[in-house]
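Novice: sequence unknown, structure follows:
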């Protein structure tokens, strides 16, 4: 059980366009300061996500609720967006059987389907609600603030249907995941007796996958959440050392930052060579983008890398041309599995056809691994820096470790970029404009600002 | 029925960080040359995708096959990768009911499910094959070259199972989509009587969605493929004019190129505010990345924009912080629908809770549209250039027009970047390394080159 990062191909010694030996040495020397700053930040209580693996009481909230719900529901519908959705989706894809929602109840071992409504497209919600058996449906409403507009809109629609069908019994089909004390969801839960699980106040949305945000839906689907947390604990411990080269989270964060700031390689691709791990890349996009893309100070033009989700081997036929020969502004981080519990032999048919004959006798798992190695080698050959995160298996332990690795890397990178990795001030203006257009009472200032924006120019239209 | 681009927010007159009036004027003046070069390219026969909407015989290949298959299959399994998969996936998401594969046969109107195997992860293929009723399954094998390694590996596995079950009757469960004359698939089809539809030789994989690559699976699922082609024809005609401001494809391509080359805004985000249209963004990523990311000449460090798929309103909670405040190197192109055939009212519950009360009485379709406008306005306010593609509806006609719009834009952009938008030389080295490791007879040179690559450095490992 281990996660290992091979970053040979990130360094100029091996790859022409890589991080210089000098920059890497300097970063190692300077790391004590970065490490100290992160440790000081932790001492303020700001990095609550690091304490989640050890929070048995919080874990028990999810496992106890899931135990009580066992057998009662065929469909769990998660209402949530951003950090409330990306973690649960990544866990379902990684840790449930393939195409989970299309399986029969028996194929799912009696565990429910999980639908994630992470948008407000009316067609999607209408189609799902038309198909659901409400008697056997549980709605999981997840919002840290308890007031996210999209999630509250979904909740009102669902609540209307539940009230019409069950009256006061609606609460038996609801569970909230929100701040322990504050916000509209918490208030409603208190007033109406709706069960509500906690997101600790010092854990922000994009760092919340190991709170009930991710752990509750995972537990409802039969995932071994104790192993998930154990893997995360192991990685958090490894990422606590002040020696950069022994600290996987810091190695990832420092190398990406060096590639951006010393080489202009600020597009950071995460490319799992694995179907189960593919949605971890989408989860990482939010984590890396929202944490690091911001102003360092008022008036600053803005800094931060651009994360890009990719999927191996599939996107060799979509994006690798760009990675190989396009503007040299990228790093590529692969994830590779050490073993394939299920592998499939390729039969030796059509042996007279050269385009097929060489494949016979190999296995698919071997092929996907070879393709990752070939792509990494080809990128290295062309001077394109890359690294590979090796995980033995795509199980709960390793997924927990991977998530923690990337979360810690984000904190170190935030320190290096000189930004607050924990806030997201840039989304506020759009929220205010939305409130203004919807006529929310307290959005008068935004309404005035909205009216000053340039109107659509009919000459700038085709 | 129309597609309209509003690019007010791309221009410096409206948005501080936008394209200067001077650059835009110059581009309009110079467009005659670009247009002439593209027309000359078309005259060579290289732009076969422009002729697809008018190719009734090719369209009939798909519709005739689909008519013959009607009622015979519950599952269509597409074996294909890259351009052979992204178009079909985008069409299924856009034009079939939501969550198509999870619906019952009756809910699907008797049309089959569509599974797309676009990777070689052994777990995925094993899981699907274990569940399928082979008697009622059709395997659609799509490869322009007829020799794509991943697709051939999948095909061999499937063929092994079909042979074991049906013997010579295996051909009744197969259809190939490939070059009309060349390649392994075409040869096998000829020898064994497997039905095979054509990808015209002058249409490359990423421009092939309107060949049987996309049209056959769409027709098998009951999509109105005539409307799809009619929408594409309408857009192709609009994109033929030499007046830049009247040419939607050229406007899109020229503005993105100007943003990259005059403003350093080379990350090009496509962000549909629509669940049905979301996978068009993934299809666009391949189109834009593989067409434009390359060397202009040997030794060139590489040019080309980096496309980024985003999804509104969802990714307001994932990427918009970065778009608003991160490194100012992006443009954002929204897609917005003019109407929502199904809309959902938000009931006025919890009227005593301010975070929810303002939502009551609105509709979800209204909310998603307002969020797009709010995000575009907020980006404009912060000097971040953006444009919006307005489509009346997410139906076959408009989807066909959208796909053609982006294909034509790619050709104009290729001309401006000075690259061959139709090739992908950068993927060859990785393919050769894969062949070498699999022991393909003709990969000796690649084997030698592979052996010269740097070995994993144990000191560069954590």
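Specialist: Done, it's in. Given the structure is predicted, the values throughout are model-derived calculations rather than measurements.
Novice: Could I get the phi/psi values of the residue of the stretch 101-250 of chain A found nearest chain B?
Specialist: The minimum distance from the stretch 101-250 of chain A to chain B, using C-beta to the nearest C-beta, falls at residue A:147 (3.5 Å). Every C-beta, even on glycine, is put in place using the N, C-alpha and C of the backbone. With angles defined as degrees, to the nearest 10, residue A:147 sits at phi -140, psi 10.
Novice: same check, this time on the one 5 residues further on
Specialist: Dihedral pair for residue A:152: phi -70, psi -40, per degrees, to the nearest 10.
Novice: and the gap between the nearest residue to it once chain neighbours are set aside and residue B:135?
Specialist: In space, and not counting its chain neighbours, residue A:152 is closest to residue B:356: 5.0 Å by C-beta to C-beta, 6 or more residues apart in numbering or on different chains. Going from residue B:356 to residue B:135 by C-beta to C-beta, to the nearest Å gives 52 Å.
Novice: And the two? Which one has more around it.
Specialist: residue B:356 (24 against 11; other C-beta atoms under 10 Å in any protein chain shown).
Novice: does that one sit in a helix or strand, and which one?
Specialist: With secondary structure defined by DSSP states H and E, residue B:356 is part of helix B:354-357.
Novice: Could you check that helix and say which residues are buried?
Specialist: Neighbour counts over helix B:354-357 (16 or more other C-beta atoms under 10 Å in any protein chain shown) mark B:355, B:356, B:357 as buried.
Novice: hang on, the earlier thing: may I have the residues that are in contact with the residue nearest to residue A:152?
Specialist: Residue B:356 makes contact with A:147, A:152, A:155, A:156, A:184, B:349, B:350, according to C-beta atoms under 8 Å, 6 or more residues apart in numbering or on different chains.
Novice: Would you confirm that the fourth one contacts residue B:362?
Specialist: In other words, residue A:156. No: using C-beta atoms under 8 Å as the test, residue A:156 is too far from residue B:362 to be in contact (9.8 Å).
Novice: shared neighbours of those two, which are they?
Specialist: residue B:346.
Novice: follow-up on the earlier one: for the record, mean pLDDT for the helix holding residue B:356?
Specialist: Mean pLDDT, computed over helix B:354-357, is 94.
Novice: With stretch A:285-302 instead?
Specialist: Rounded mean pLDDT across stretch A:285-302 is 96.
Novice: picking up where we left off before, Provide a list of residues in contact with the residue of the stretch 101-250 of chain A closest to chain B.
Specialist: Counted by C-beta under 8 Å, 6+ apart, residue A:147 has contacts A:183, A:184, A:185, B:355, B:356.
Novice: Against residue A:199, how distant is it?
Specialist: In this view, residue A:147 and residue A:199 are 13 Å apart by C-beta to C-beta.
Novice: now the helices for the stretch 351-462 of chain A?
Specialist: Ranges of helices in the stretch 351-462 of chain A, per DSSP state H, counting those that start in this stretch, are A:354-357, A:364-381, A:396-417, A:428-438, A:444-451.
Novice: most packed of these?
Specialist: Among the helices of the stretch 351-462 of chain A, the stretch with the highest mean neighbour count (mean count of other C-beta atoms under 10 Å in any protein chain shown) is helix A:396-417, at a mean of 25.
Novice: Please look at residue A:412 and residue A:250 and confirm they touch.
Specialist: Yes: between residue A:412 and residue A:250 there is a contact under C-beta under 8 Å: 4.8 Å.
Novice: anything in contact with each of the two?
Specialist: With C-beta under 8 Å, 6+ apart, residue A:412 and residue A:250 have common neighbours residue A:34.
Novice: For residue A:255, what are phi and psi?
Specialist: Dihedral angles (degrees, to the nearest 10) for residue A:255: phi -60, psi -40.
Novice: Kindly list the main-chain dihedrals of the nearest residue to it once chain neighbours are set aside?
Specialist: Of all residues not flanking residue A:255 in the chain, residue A:10 sits nearest, at 5.0 Å (C-beta to C-beta, 6+ apart). Torsion angles at residue A:10 (phi, psi; degrees, to the nearest 10) stand at phi -90, psi -10.
Novice: Let's see the pLDDT reported for residue A:10.
Specialist: Looking at residue A:10, its pLDDT reads 98.
Novice: now do residue A:86
Specialist: Reading off the model, residue A:86 has pLDDT 98.
Novice: Specify the angle between the helix or strand where it lies and helix A:396-417 in degrees.
Specialist: Taking DSSP H and E as the definition, residue A:86 sits inside helix A:83-95. Here the directions of helix A:83-95 and helix A:396-417 differ by 140 degrees (axes from the mean of the first three to the mean of the last three C-alpha atoms, to 10 degrees).
Novice: if you look at helix A:83-95, does any of it touch chain B?
Specialist: Yes: for helix A:83-95 and chain B, the contact criterion (C-beta under 8 Å from any C-beta of the partner chain) is met by A:83, A:85, A:86.
Novice: Just the angle for the following helix or strand past that helix relative to helix A:83-95, thanks.
Specialist: Using DSSP H and E, the helix or strand that follows helix A:83-95 in sequence is strand A:113-117. Strand A:113-117 and helix A:83-95 meet at an angle of 150 degrees, taking the same axes, to 10 degrees as the criterion.
Novice: How far away from the center of its chain is strand A:113-117?
Specialist: 16 Å (C-alpha atoms, centre = their mean, to the nearest Å).
Novice: Packing partners of that strand?
Specialist: strand A:75-79, helix A:83-95, helix A:122-131 (3 or more C-beta pairs under 8 Å, 6 or more residues apart in numbering or on different chains; DSSP states H and E).
Novice: Give me the neighbour count for the closest residue to chain B within the stretch 151-300 of chain A.
Specialist: Proximity to chain B, evaluated over the stretch 151-300 of chain A using C-beta to the nearest C-beta, is greatest for residue A:293 at 2.8 Å. By other C-beta under 10 Å, 27 other residues sit near residue A:293.
Novice: Settle this for me: it is touching residue A:304, isn't it.
Specialist: Yes: if you go by C-beta under 8 Å, residue A:293 and residue A:304 touch, sitting 3.4 Å apart.
Novice: In stretch A:326-338, which residues are buried?
Specialist: A:326, A:327, A:328, A:329, A:330, A:331, A:332, A:333, A:334, A:335, A:336, A:337.
Novice: what's the closest of these to chain B?
Specialist: After measuring the buried residues of stretch A:326-338 against chain B - C-beta to the nearest C-beta - the closest member comes out as residue A:326, at 2.8 Å.
Novice: Now that closest one: closest residue in space that isn't a chain neighbour?
Specialist: In space, residue A:326 is closest to residue B:293, 2.8 Å off (C-beta to C-beta, 6+ apart).
Novice: residues touching that neighbour, list them.
Specialist: Per C-beta under 8 Å, 6+ apart, neighbours of residue B:293: A:321, A:322, A:323, A:325, A:326, A:327, B:302, B:303, B:304, B:305, B:306, B:426.
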